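>>> Okay, here's the prediction I keep looking at, along with the sequence it came from:
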There are 2 protein chains.
Amino acid sequence: MAARTRTDVAQRIAPSRRLTRQRVIVAEALASERAALSAQELHERIRSKHHRIGLATVYRALEAQVADGMATRLERPGHVYVYAACTPGHHHHLVCGRCQRVEDVAEEVMRPMLRSVRSRHGFHVDHAQLDLYGLCARCRAREA
Amino acid sequence: MAARTRTDVAQRIAPSRRLTRQRVIVAEALASERAALSAQELHERIRSKHHRIGLATVYRALEAQVADGMATRLERPGHVYVYAACTPGHHHHLVCGRCQRVEDVAEEVMRPMLRSVRSRHGFHVDHAQLDLYGLCARCRAREA
DNA sequence: TTGAGAACGAGAATCATTGTCAAGTATGGG
DNA sequence: CCCATACTTGACAATGATTCTCGTTCTCAA
């Protein structure tokens, strides 16, 4: 099961990049987190298991993951940048302000919106950045 | 006309903040730009008219504007942060990668999307960050 | 008009991120 | 399987945008 997950994550690393131990470690570490983490937070967690990995390596690996669509970079209130693993094909997120969990926005939610941007504004969208901050269903239920 | 604009911008500064000359200058400067600018770019432009204004003041004024909904902070490719004035009530943007102009997204485009996030995900949205990067209608026409 | 405290300007300080470079290692060809 | 090559890494220095500090100035309510 664990081995299975490892393989899954590793296989999503772009073929143009070397499959290094460090990249796999970073990808696994991020994928195993349900919440969004900053590069430094992720580095600390990785260090507890793999002492020798460098902070710059974590930054480089995350940058590559973002470039390859394996992860996204989000902004936490107060100009703090955090990363979250992406499900393939889903690049928009619901970020819960209470539990910090990140959920994918269904593509069916995006499509009609992008269509109307095109028709109303004549704007041709290359890249969309949609992040919704609020309270997830679970935290909302717990509230009551 | 110029005086008219000045008044408009100044009046949008939140009442809880002191109405200083510098805040008005920064708000006017940003509002008069159609394209998104970084804090430093804006500072340079302001300096050409008002020598004595400090860079930190520009940062502080922009931060206040963002907090008060007068402006938004966007990300230009390559981790560069830029600011753009907001039309009251419009906080989502279409950013043209060629001319750097920023256009507001019609609220009618957002509403159905937010509704379906609520119904599909049970997620209660507090704050949405939607920025669409691409080619505006004008640049697209010029292309042909 | 005046006092209290918010905001300013200049420059120093911070600190996340990126660059440098010698050493390590994935990968394709032989 | 082994090598050569070039991509990566780790440690640490450098960078540079943003924030902080502090003495001075200015807004604004009383």
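Perfect, thanks for sending it.

>>> for DNA strand C, what are the nearby residues on chain A?
Residues of chain A found near DNA strand C (CB under 7 Å from any atom of the strand) are A:Arg18, A:Leu19, A:Thr20, A:Arg21, A:Ser38, A:Ala39, A:Gln40, A:Leu55, A:Ala56, A:Tyr59, A:Glu63, A:Tyr81. All C-beta atoms are positioned from the backbone trio N, CA, C, and that covers glycine.

>>> Of these - the most surrounded one?
Highest neighbour count within the residues of chain A next to DNA strand C: A:Ala39, with 20 neighbours (other CB atoms under 10 Å in any protein chain shown).

>>> And the helices in chain A?
Using DSSP state H, the helices of chain A run over A:2-11, A:21-31, A:39-47, A:55-67, A:107-121, A:137-143.

>>> what's the single longest strand in chain A?
Counting by DSSP state E, the longest strand found in chain A is strand A:124-135.

>>> For chain A, which residues score under the pLDDT cut-off?
Applying pLDDT under 70 to chain A flags residues A:1-7.

>>> What residues are bridge-paired with the residue lying closest to A:Val95 once chain neighbours are set aside?
Excluding the flanking residues, the one nearest A:Val95 by CB to CB, 6 or more residues apart in numbering or on different chains is A:Tyr133, at 5.1 Å. Going by DSSP bridges, A:Tyr133 is paired in beta bridges with A:Val95, B:His127.

>>> ok, how many other residues are close to A:Tyr133?
Number of residues near A:Tyr133 (other CB under 10 Å) recorded here: 19.

>>> gap between it and A:Ala35?
The gap separating A:Tyr133 from A:Ala35 is 13 Å, by CB to CB, to the nearest Å.

>>> highest average neighbour count across the helices of chain A?
Comparing the helices of chain A by mean neighbour count (mean count of other CB atoms under 10 Å in any protein chain shown), helix A:21-31 ranks first with a mean of 20.

>>> Which secondary structure elements does it sit against?
helix A:2-11, helix A:39-47, helix A:55-67, strand A:80-85 (3 or more CB pairs under 8 Å, 6 or more residues apart in numbering or on different chains; DSSP states H and E).

>>> Figure out which of those is closest to DNA strand D.
When these are compared by CB to the nearest atom of the strand, helix A:55-67 sits nearest DNA strand D, at 3.0 Å.

>>> Do any residues in the closest one lie close to DNA strand D?
Yes. Interface with DNA strand D: helix A:55-67 contributes A:Leu55, A:Ala56, A:Thr57, A:Arg60, A:Ala61 (CB under 7 Å from any atom of the strand).

>>> Please apply the same query to stretch A:79-88.
Yes. Against DNA strand D, stretch A:79-88 shows contacts by CB under 7 Å from any atom of the strand at A:His79.

>>> How far off centre is that stretch?
3 Å (CA atoms, centre = their mean, to the nearest Å).

>>> ok, now stretch A:85-103?
7 Å.

>>> check contacts around A:Arg73.
Counting by CB atoms under 8 Å, 6 or more residues apart in numbering or on different chains, A:Arg73 touches A:Leu62, A:Val66, A:Tyr81, A:Val82, A:Tyr83.

>>> of these, closest to chain B?
Relative to chain B, the closest of the contacts of A:Arg73 is A:Tyr81; by CB to the nearest CB it sits at 8.7 Å.

>>> Make JSON lines from the residues of helix A:55-67 next to DNA strand D and add distance to chain B to it.
Converted to JSON lines, the residues of helix A:55-67 next to DNA strand D look like this (distance: CB to the nearest CB, whole Å):
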{"residue": "A:Leu55", "distance to chain B": "17"}
{"residue": "A:Ala56", "distance to chain B": "15"}
{"residue": "A:Thr57", "distance to chain B": "18"}
{"residue": "A:Arg60", "distance to chain B": "14"}
{"residue": "A:Ala61", "distance to chain B": "16"}
